[in-house]
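[1] pasting the sequence and the predicted coordinates here, then a few questions.
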Amino acid sequence: MESHLSHPSLKPLARELAALPCSLGPVRLVGIDGHAGSGKSTFAARLAEALGGAPVLHLDDVASHEELFGWEERLRSQVLEPLAGGRPAHWAPYDWVERRFGPERVLEPAPVLLVEGVGAG
């Protein structure tokens, strides 16, 4: 089991991010980008915890077999535009095993939203 002492605290970064002006309506949007297998999901989970439970949107849930990198419009219309207007986002994560979009989820506007995945930048 990994000790919490094996990685630096993300509390200072979390405080810095929480103090930034909002970038998407009432939301501070933070992109976590990097190569496959680089630790983006792990970092996002730790940062979300340091932010007091900030939501994390995984771009793997927005992409699909048909649109590995053509998901920008879906992200914009289903998530970014509603949140920018202070409204909940309604989106359906992609099921990579079933090869179809699953049940709809609701993402409420939050002070900070972490968007994690290749292309998040």
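    Yep, that arrived. Residues are numbered from 1 along each chain as shown.
[2] any residues touching the lowest-mean-pLDDT helix or strand in the chain, and which ones?
    Across the helices and strands of the chain, mean confidence by mean pLDDT, DSSP states H and E is lowest for helix 72-75: a mean of 90. Defining contact as CB atoms under 8 Å, 6 or more residues apart in numbering, one finds that helix 72-75 is touched by 59, 62, 67, 91. From N, CA and C alone the C-beta is placed, and that goes for glycine too.
[3] identify the residue spatially nearest to the second one, adjacent ones excluded.
    Leaving out its chain neighbours, the residue that sits closest to residue 62 by CB to CB, 6 or more residues apart in numbering is residue 71, at 4.6 Å.
[4] low-confidence ranges, this protein, go.
    In the predicted model of the chain, residues 1-8 satisfy pLDDT under 70.
[5] show me where it has helices.
    Counting by DSSP state H, the chain has helices at residues 11-19, 40-50, 72-75, 81-84.
[6] can I get the ones you listed in JSON lines including mean neighbour count and distance to residue 109?
    Converted to JSON lines, the helices of the chain look like this (neighbours: other CB atoms under 10 Å; distance: least, CB to CB, whole Å):
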{"stretch": "helix 11-19", "mean neighbour count": "13", "distance to residue 109": "15"}
{"stretch": "helix 40-50", "mean neighbour count": "17", "distance to residue 109": "16"}
{"stretch": "helix 72-75", "mean neighbour count": "14", "distance to residue 109": "16"}
{"stretch": "helix 81-84", "mean neighbour count": "18", "distance to residue 109": "5"}
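[7] JSON lines for these, including distance to residue 106?
    JSON lines is the format used below for these (distance: least, CB to CB, whole Å):
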{"stretch": "helix 11-19", "distance to residue 106": "23"}
{"stretch": "helix 40-50", "distance to residue 106": "17"}
{"stretch": "helix 72-75", "distance to residue 106": "16"}
{"stretch": "helix 81-84", "distance to residue 106": "10"}
